[in-house]
Every structure is written in C-alpha cells, then in structure tokens.
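Chemist: Predicted model and sequence below, questions to follow.
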Amino acid sequence: MIKKINENGALVMESLLGGAVIRHRSGRVVALGSTAVLAAAGVGPLVMLTSSTASANAALVVSTLADSGVGSLRQAMLDANSAAGVDTITFTAGLTGTIDVQSDLPVLDEGIDLQGPGASVITIDGGWTAAGGDSAGHALFVLDDIDVSEGASTISGVTITGGNSSNNPDNSGGAIQKYYGDADLTITDVVLTGNFADNDGGAVSLYATDGTVTIRDSVISNNVAADDGGALSANGDGALVLTLNNVEITGNTAVSDGGGLYLYEGSFTIVNSTIDGNTTDGDGGGIHFYGGSLTLNNVEITGNDAAENGGGLYSNDGSLTIVESTISGNSALYDGGGIVFEDGPLTLNNVEISGNTAGDDGGGLYFEDGTLTIVESTISGNTADDKGGGIRIQYGSLTIVESTISGNTADDEGGGLYFEDGTLTIVESTISGNTAGNGGSGGLGNGGGGGLWLDDVDGTISDTTISGNTAGDGGGGIYLYETLMTISNSTLSGNSADRGGALYIKTDDLDDYGSATFIENSTISGNHAAQDGGAIFTGMDEEIVSLEIVQSTITDNSTDGLGENVGGIALQDNAEVTITGSIVAGNLGNDIGLYSTSLPSLNASDSVLGVIQSGVTLIDGGGTQIGVTDPMLGLLANNGGVTKTHALLAGSPAIDAGPNPVPVFDGNEFDQRGVGFARIVFGVADVGAFEVQEPPATEPTTEPIAPTFTG
C-alpha cells in the first residue's frame with residue numbers, strides 16, 4: 001500500500017492490489033476501488049471518504065481531438081486501464097469535431113463510463129471506408145473479458161464510425177466488441193455508422209458473453225459484416241440479456257445471415273425500434289434469431305431483403321413473441337418474405353404483416369414445426385410465387401383469433417393460407433380477397449384454395465367470414481384435402497373457383513384416411529364456380545369423402561354451366577352426404593347434382609331442398625321438402641352476431657319445419673348468430689342457419705301525468 005498526503009493534508013492510501021479490500025484492525029481502514037481517503041479526527045478511528053465503486057476514480061477528461069498525447073481519448077483509455085475500477089471519461093465543454101484514430105485503440109480490461117457530449121458533437125473515426133477495403137481502418141472499443149467485479153461499462157453521446165475489427169479477438173465488432181465476461185454494458189445516444197467487421201457484428205459484437213446489455217436511443221446504420229449481423233451480432237450462450245429500446249437499425253449488410261441483427265442463444269427484447277433496409281446474402285434480412293427467446297414490441301421491420309429465406313426475420317429453435325408491430329415490404333428469394341419461423345412457439349398479437357414477397361412459399365410468413373398463435377392481427381397484401389401468399393405452415397398447430405387474412409396472392413395453392421399436416425383453429429376472423437393460381441378462364445386453372453388450402457389438417461372454423469377469395473383450380477374459399485374439418489357459425493360468400501366456389505373437398509386412395517367435413521349453423525351464399533359446385537364440390541377418388549350439413553343455409557350460389565350446371569352442391573360417387581335441418585335451394589341451375597358420370601346418393605331429413613339433378617339418389621329420412629325453388633330468404637345481411645345471414649321472410653317454408661329435436665352439436669341451442677338468438681323459439685326449430693325470433697317487446701305507452709303543485 002502506498003501512503004500519500006493530498007493537497008488538503010489528508011492521508012491517501014492507494015492499494016497496489018488494484019482495488020482489493022484492505023482491512024487494518026487498529027485503524028479500521030477499508031480501501032475500496034483504487035483509492036481511499038482517510039482523515040484524522042482527533043483521537044478515534046480514521047474515517048474513509050470515497051465515492052462508489054462505479055466512480056471511484058477521478059474523471060479522465062478528453063480535451064483534444066488529437067489521436068494521442070495528453071488529453072486525447074487514447075490517453076484516457078490507457079489511464080483507465082492503469083487504474084483499478086470503473087473510470088469515467090468525459091469531454092471538455094465546447095470540444096467538437098472528429099477524432100481521427102490512426103491505430104487500434106487500447107483494449108479495455110475494466111469497465112469504463114464514456115460520457116460524450118452528444119452524437120452530433122463528437123465523432124470517433126477509425127478510418128475504414130468501403131473504398132479502402134478490408135485492410136483500411138482500425139479497432140476502436142474492445143471490452144475484453146470484463147467481469148462484474150471489474151465494473152459495468154457505458155458508452156454514450158458519441159458517433160463511432162470507420163471501425164475495423166480485423167485485429168479484434170475473433171475479428172468481430174467493427175465499432176464495439178464485448179468479448180467474453182459477464183459485466184453489464186449500456187450504449188445510449190450513440191450513432192454507429194459505416195463500420196466493418198471481418199467476421200460478425202458490423203457495428204457491435206457480443207461474443208460468448210453474459211450479463212445485461214442495453215442499447216437505447218441510438219442509430220446503427222450502414223455497417224458491414226463479412227459474416228453474420230450487419231449491425232449487431234450477439235452470441236450469449238444462453239445467459240445474455242439484450243434489450244434494444246428506441247433504436248434505428250438501417251442500411252446494414254451481412255454476407256452470411258442477419259442483415260441487421262444476428263441473435264444467438266440469449267434473452268432478447270426489442271422495443272420501440274425500427275429495422276429497415278438491411279440486406280443479407282443468407283437468411284434473415286432484418287433479423288436472424290436462433291435459440292433462446294425474442295420479444296418484439298412496437299417494432300417496425302420494413303424493406304429488408306434476404307438472398308435466401310426470411311426477408312424480414314428468420315427464426316429457428318427459439319421462442320418468438322411479436323406485439324403491436326409491423327412487418328412490411330420485406331422480400332426473400334426463397335421462403336418467408338416477411339418471416340420464416342422453424343421449431344418453437346410463435347405468438348403474433350396485434351401485428352401487421354403486409355406487402356412482403358417470397359420467391360417460393362409464404363409471402364407473409366413461412367412456419368414449420370411449432371405452435372403459431374395469431375391474435376387481433378392482419379396478414380394482407382403479401383405475395384408468394386408458389387404456395388401460401390399470406391401464410392405457409394407445415395407440421396404444427398395454428399390458432400387464429402379475431403384476425404384478418406386478406407388480399408394475399410399465391411401463384412400456386414393457398415392464396416391466404418397453405419397448411420399441411422397439423423391442427424387448425426380459426427375463431428371470429430376474416431379470410432377475404434385472397435387469390436390462388438391464375439384465376440381460371442373457363443378451363444382448369446392452376447392453384448386451389450383461394451382463401452385456405454388445407455392438407456392433412458384437423459381443424460375447426462367458427463364465427464368466421466370467408467369471402468371474396470378466388471382460386472384458379474378448386475376451392476375459391478377453402479380447399480380440403482385429406483382433412484377433418486368442422487365449420488360452424490360461419491359464412492362463406494362471394495368466393496369463386498373453377499370448381500367448388502366456396503368449398504372443394506378431396507381425398508386420395510393412396511393415403512390412410514379420407515376427408516370428413518361438418519358444416520353446422522353456417523351460411524354458404526353467393527359463391528361461383530366456372531364448372532360445377534358453385535357452393536361445394538366433392539373430388540373423386542376411391543376413398544370416401546364424408547360431408548355432413550346441419551342447420552345451415554346454402555343459397556344464391558351459381559355456375560357458368562360448363563359442366564353439369566350445378567350451382568349448389570356437386571357430388572361424386574365416393575361422397576357420403578347427410579343433410580339435416582338445412583336449406584339447399586335458390587341456387588342457379590341444379591341445387592344438388594352430380595359430376596360427369598358419377599351416380600351419387602345423399603341422406604336428407606327435415607330440410608328444404610331445391611332442384612335435385614337426375615342421377616342423384618335421395619334417401620329421405622322424413623320431413624324434407626323437395627323442389628323448393630324459392631325458400632323466401634332475405635338478402636345476406638348483418639342480422640346480428642359476427643357473421644352475415646339470410647333472414648327467413650314471412651311465409652318461408654323453412655319456418656318451424658326443422659328437426660325435432662335439434663341434432664346434437666356444439667352451440668345447437670342457438671342459431672348461427674350465437675348467444676341471444678335461440679334455436680327453438682316457437683316450439684320447433686326452423687330450417688337453416690337463421691331462426692326467427694320473438695318480436696321485441698314494446699314498451700307500454702302512457703299519457704304524461706301533469707304535475708300537481710301545492711302551496
């Protein structure tokens with residue numbers, strides 16, 4: 001220990017152990033940080049006068065823009081390394097301009113608190129330029145294996161540019177590198193622009209490091225990484241906590257993955273930030289995320305590009321949550337113009353995914369093998385050159401609640417959604433205006449499932465509108481292939497296709513099971529097919545296609561008459577069809593018919609049926625009205641509930657003509673409109689999706705009473 005007397009006459013004891021705690025029983029001396037100031041107060045113990053660990057040393061002041069010498073930034077960093085504990089580096093008031101760094105700055109081995117006067121005031125320039133190439137420029141801020149005991153670091157209020165990581169450990173981090181260590185780091189009010197990493201992290205590299213890193217109120221732009229993370233690369237080995245708050249990440253480039261950010265195995269949060277115009281030759285134009293957890297809240301990911309997959313964001317083997325954010329205008333050469341997500345849970349809550357483009361599948365989102373939940377979100381205006389204009393999902397579970405999938409386009413199948421092999425739940429949502437294939441032109445087009453293409457899916461759709469979708473092949477609204485599907489309390493309207501304007505159902509004799517479709521308390525209206533099945537078409541293979549329609553209304557659908565002129569339901573030999581308590585009438589041409597040379601049969605009871613084509617065998621279970629050309633229905637309208645319905649007009653043959661009792665299914669106590677609209681009002685259920693209700697009670701009218709005054 002070195003003893004000194006300061007200018008005030010007090011005894012100063014400096015530890016040679018770099019700030020280790022020193023105890024002296026007789027004098028009760030404790031040294032913290034690198035110095036301790038002791039003052040004698042008569043007879044009694046010495047009293048220590050010291051600042052906290054984080055500011056134990058006097059501030060080091062940068063007073064010149066020179067690269068070296070007294071008052072330079074370089075000298076301040078050297079002095080910080082020579083003194084134990086966290087050192088504060090400030091700048092002389094009024095100093096402004098650029099510090100041109102002529103050689104690599106000193107590697108920092110303890111925490112620093114660099115307090116710049118503002119990013120527009122002081123610039124630290126390492127000399128790298130794109131024109132100068134890989135050998136130009138110098139290393140700037142390298143925090144080498146700094147642990148908690150050696151102090152947290154802060155860098156604020158400066159612009160850092162022209163850094164080159166070629167001489168850094170791992171050749172990463174053009175402007176700032178945190179290499180190993182578990183001390184915290186905060187970067188605030190900083191502009192990191194025009195830096196280069198010969199490996200990862202064009203501006204910032206967090207390599208094999210733990211602790212908490214926070215970047216806020218900053219800009220990271222136009223940086224280049226020769227490998228991953230054009231702006232930032234974070235490799236936390238699972239224990240890193242990284243938060244970006246109010247950060248603009250724009251115009252960065254990565255040769256491998258993560259044009260903007262490359263995030264690997266940590267806990268990552270991005271809030272109130274913009275990720276825009278970044279590019280990569282690999283995956284993840286805006287963000288590449290692998291392992292751990294990532295949360296995006298109020299984030300815009302726009303205009304990014306990936307030469308492979310995930311134009312906006314690529315995620316693999318992690319947990320991703322996106323809230324109140326926008327993913328738009330991104331592009332990928334292959335899959336996932338907006339997002340690619342593989343292996344894990346993904347939650348989208350109040351998110352807009354729009355205007356993204358994929359060269360293959362999943363214009364808005366490509367999802368594989370996990371659990372996808374979409375709540376109060378919009379997937380719109382995305383384009384895929386192959387499957388899934390809005391979403392392409394394979395192997396997983398998908399839940400869509402109170403969301404909209406609209407205006408998406410796929411050159412092949414699944415304009416809105418292409419889903420293969422998994423479970424699906426759609427509740428109170430809208431699937432509208434999507435397009436699959438070339439739209440058809442009288443002949444068989446390419447691309448089925450304008451709204452939804454479902455292959456080997458176990459699904460339910462409830463309280464949902466599927467409208468205005470178009471398919472060049474089958475299934476303007478929905479294409480079901482080898483799928484178990486229940487559609488309830490929903491409306492399919494205004495969809496069009498070559499066959500099956502609203503719904504196309506198909507199976508394959510080479511697979512383990514056929515398709516089964518249950519339509520309950522639903523309306524299929526105003527759909528169109530160029531050939532047959534304006535409402536529904538059942539495809540022909542050796543396996544059975546099972547179709548059960550209960551308490552539903554199928555009306556006002558049409559066909560161009562290019563086949564058998566079936567505007568309603570077109571059946572083939574392999575169809576097992578049961579119609580109970582339903583209206584299938586008022587469609588153009590045949591309401592129920594066959595396709596080609598098939599000779600189908602159907603079972604019906606307590607229903608209202610229109611024109612049944614010759615060749616279709618009807619097995620009547622009783623109570624069925626046949627040949628009804630006018631079921632006396634109102635226009636498709638908002639009659640209550642969350643979906644449109646056809647009201648029964650006075651005198652309709654469907655009133656009080658339904659099954660007694662009502663068939664058992666979830667929600668059978670109400671009509672399509674749901675709670676508040678009882679299924680049985682006048683003793684017997686009506687036929688179809690709509691039940692006539694008791695007229696609302698009128699309030700009794702009374703004459704006003706004239707007030708009587710006293711006094």
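Modeler: Looks like it came in fine.
Chemist: Low-confidence ranges, the stretch 51-200 of the chain, go.
Modeler: Flagging of the stretch 51-200 of the chain using pLDDT under 70 yields the residue ranges 51-56.
Chemist: Let me see the ranges of the strands in it.
Modeler: Taking DSSP state E, counting those that start in this stretch, the strands of the stretch 51-200 of the chain run over residues 60-62, 87-91, 97-100, 112-115, 122-125, 141-144, 153-156, 159-161, 176-179, 185-188, 191-193, 196-197.
Chemist: Output these as CSV; include the columns mean neighbour count and distance to Thr491.
Modeler: Where you see a C-beta, it was placed from the backbone N, CA and C, and this is true even at glycine. Below are the strands of the stretch 51-200 of the chain laid out as CSV (neighbours: other C-beta atoms under 10 Å; distance: least, C-beta to C-beta, whole Å):
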stretch, mean neighbour count, distance to Thr491
strand 60-62, 20, 69
strand 87-91, 22, 67
strand 97-100, 15, 65
strand 112-115, 22, 62
strand 122-125, 21, 61
strand 141-144, 22, 60
strand 153-156, 23, 57
strand 159-161, 25, 57
strand 176-179, 27, 56
strand 185-188, 22, 52
strand 191-193, 25, 52
strand 196-197, 30, 55
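Chemist: Save those as JSON lines, and put in distance to Tyr334 too.
Modeler: Output for the strands of the stretch 51-200 of the chain, formatted as JSON lines (distance: least, C-beta to C-beta, whole Å):
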{"stretch": "strand 60-62", "distance to Tyr334": "49"}
{"stretch": "strand 87-91", "distance to Tyr334": "47"}
{"stretch": "strand 97-100", "distance to Tyr334": "42"}
{"stretch": "strand 112-115", "distance to Tyr334": "42"}
{"stretch": "strand 122-125", "distance to Tyr334": "38"}
{"stretch": "strand 141-144", "distance to Tyr334": "37"}
{"stretch": "strand 153-156", "distance to Tyr334": "38"}
{"stretch": "strand 159-161", "distance to Tyr334": "34"}
{"stretch": "strand 176-179", "distance to Tyr334": "32"}
{"stretch": "strand 185-188", "distance to Tyr334": "34"}
{"stretch": "strand 191-193", "distance to Tyr334": "30"}
{"stretch": "strand 196-197", "distance to Tyr334": "26"}
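Chemist: closest to Asp606 out of the ones you listed?
Modeler: Among the strands of the stretch 51-200 of the chain, strand 185-188 comes nearest to Asp606, with 71.3 Å by C-beta to C-beta.
Chemist: Could you name the helices and strands sitting against the closest one?
Modeler: Secondary-structure packing of strand 185-188 (3 or more C-beta pairs under 8 Å, 6 or more residues apart in numbering; DSSP states H and E): strand 153-156, strand 211-221.
Chemist: Tell me where the stretch 551-700 of the chain has strands.
Modeler: 553-555, 558-559, 566-571, 575-580, 583-584, 590-594, 601-605, 608-609, 617-620, 633-637, 645-648.
Chemist: The last one pairs with which strands, and in what direction?
Modeler: To tie it back to what came earlier, the one meant is strand 645-648. Note on strand 645-648: by DSSP bridges, its sheet partners are strand 633-637 (antiparallel).
Chemist: Where does the prediction get shaky in the stretch 401-550 of the chain?
Modeler: For the stretch 401-550 of the chain, the ranges with pLDDT under 70 are 438-445, 509-514, 540-542.
Chemist: ok so, going back, what would the strands of the stretch 551-700 of the chain look like in TSV with mean pLDDT, distance to Ala497 and mean neighbour count?
Modeler: Converted to TSV, the strands of the stretch 551-700 of the chain look like this (pLDDT from 0 to 100; distance: least, C-beta to C-beta, whole Å; neighbours: other C-beta atoms under 10 Å):
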stretch	mean pLDDT	distance to Ala497	mean neighbour count
strand 553-555	98	16	29
strand 558-559	98	11	24
strand 566-571	96	12	32
strand 575-580	93	18	22
strand 583-584	98	19	32
strand 590-594	95	17	27
strand 601-605	95	22	19
strand 608-609	98	23	29
strand 617-620	94	26	13
strand 633-637	98	19	16
strand 645-648	98	22	24
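Chemist: Take those strands and write them to JSON lines, including distance to Thr269.
Modeler: What follows is those, written out as JSON lines (distance: least, C-beta to C-beta, whole Å):
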{"stretch": "strand 553-555", "distance to Thr269": "49"}
{"stretch": "strand 558-559", "distance to Thr269": "53"}
{"stretch": "strand 566-571", "distance to Thr269": "52"}
{"stretch": "strand 575-580", "distance to Thr269": "53"}
{"stretch": "strand 583-584", "distance to Thr269": "53"}
{"stretch": "strand 590-594", "distance to Thr269": "57"}
{"stretch": "strand 601-605", "distance to Thr269": "57"}
{"stretch": "strand 608-609", "distance to Thr269": "58"}
{"stretch": "strand 617-620", "distance to Thr269": "62"}
{"stretch": "strand 633-637", "distance to Thr269": "46"}
{"stretch": "strand 645-648", "distance to Thr269": "45"}
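Chemist: Compare the ones you listed and give me the one nearest Thr347.
Modeler: Short answer: strand 645-648, nearest of the strands of the stretch 551-700 of the chain by C-beta to C-beta, at 32.4 Å.
Chemist: can you list the residues that contact that closest one?
Modeler: 491, 523, 525, 553, 555-556, 632-637, 639, 654-655, 671-673, 686, 688-690, 692 (C-beta atoms under 8 Å, 6 or more residues apart in numbering).
Chemist: one more time with 7 Å
Modeler: Here strand 645-648 makes contact (C-beta atoms under 7 Å, 6 or more residues apart in numbering) with 523, 525, 553, 555, 632-634, 636, 639, 654-655, 672-673, 686, 688-690, 692.
Chemist: Over to stretch 661-670?
Modeler: Stretch 661-670 is contacted by residues Ser488, Asn489, Glu520, Asn521, Val550, Thr580, Gly581, Phe677, Ala678, Arg679, Ile680, Ala685 when judged by C-beta under 7 Å, 6+ apart.
Chemist: Buried residues of that stretch, list them for me.
Modeler: Along stretch 661-670, the positions that meet the burial threshold by neighbour count (16 or more other C-beta atoms under 10 Å) are Val662, Pro663, Gly667, Asn668, Phe670.
Chemist: And the residues you listed, which is closest to Leu562?
Modeler: In terms of C-beta to C-beta, no member of those lies closer to Leu562 than Pro663, at 35.3 Å.
Chemist: Let's see stretch 150-165 as CSV, backbone CA atoms only.
Modeler: In CSV, the C-alpha atoms belonging to stretch 150-165 read as follows (Å, rounded to 0.1, in the frame of the first residue of the first chain):
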residue,chain,number,x,y,z
GLU,A,150,-14.4,-5.2,-12.8
GLY,A,151,-17.4,-3.0,-13.3
ALA,A,152,-20.1,-2.2,-15.8
SER,A,153,-19.5,-0.1,-18.9
THR,A,154,-21.4,2.7,-20.5
ILE,A,155,-20.7,4.4,-23.9
SER,A,156,-22.9,7.4,-24.6
GLY,A,157,-23.1,10.6,-26.6
VAL,A,158,-20.8,10.0,-29.5
THR,A,159,-20.7,8.9,-33.1
ILE,A,160,-18.5,5.9,-33.8
THR,A,161,-17.6,5.3,-37.5
GLY,A,162,-14.9,3.7,-39.6
GLY,A,163,-14.0,0.9,-37.2
ASN,A,164,-12.4,-2.3,-38.5
SER,A,165,-12.5,-5.4,-36.4
